[in-house]
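Visitor: no sequence on this one, just coordinates:
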């Protein structure tokens, strides 16, 4: 089996169509990562913040600890 990387021509320029396809694929991957970050990380965090009344998670943890200590 031949190594396909040895067939790459070093002094030739790639066709514009191929460059555009690669850049479009990279842009789609970046968009997918950004959307996943938005809906998997930031959206649940925002909903949690809204439900806690705008308090930070550190304040909530501190209050929970104080309430636990009082019991």
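Guide: Arrived safely. What you see is a predicted model, and the numbers here were worked out from it, not measured in a lab. Numbering: from 1, shown residues only.

Visitor: in the longest helix seen in the chain, what counts as buried?
Guide: Looking across the chain with DSSP state H, the single longest helix is helix 16-37. Across helix 16-37, burial judged by 16 or more other Cβ atoms under 10 Å covers no residue at all. Quick note: C-beta positions are derived from backbone N, CA and C, even for glycine.

Visitor: now do that helix: which elements does it pack against?
Guide: Counting contacts by 3 or more Cβ pairs under 8 Å, 6 or more residues apart in numbering; DSSP states H and E, helix 16-37 packs against no other helix or strand.

Visitor: and the next element down the chain from it?
Guide: The helix or strand immediately downstream of helix 16-37 is helix 43-51, counting by DSSP states H and E.

Visitor: residue 52: neighbour count?
Guide: Neighbourhood size, residue 52 [other Cβ atoms under 10 Å]: 13.

Visitor: and residue 43, by the same measure?
Guide: 11.
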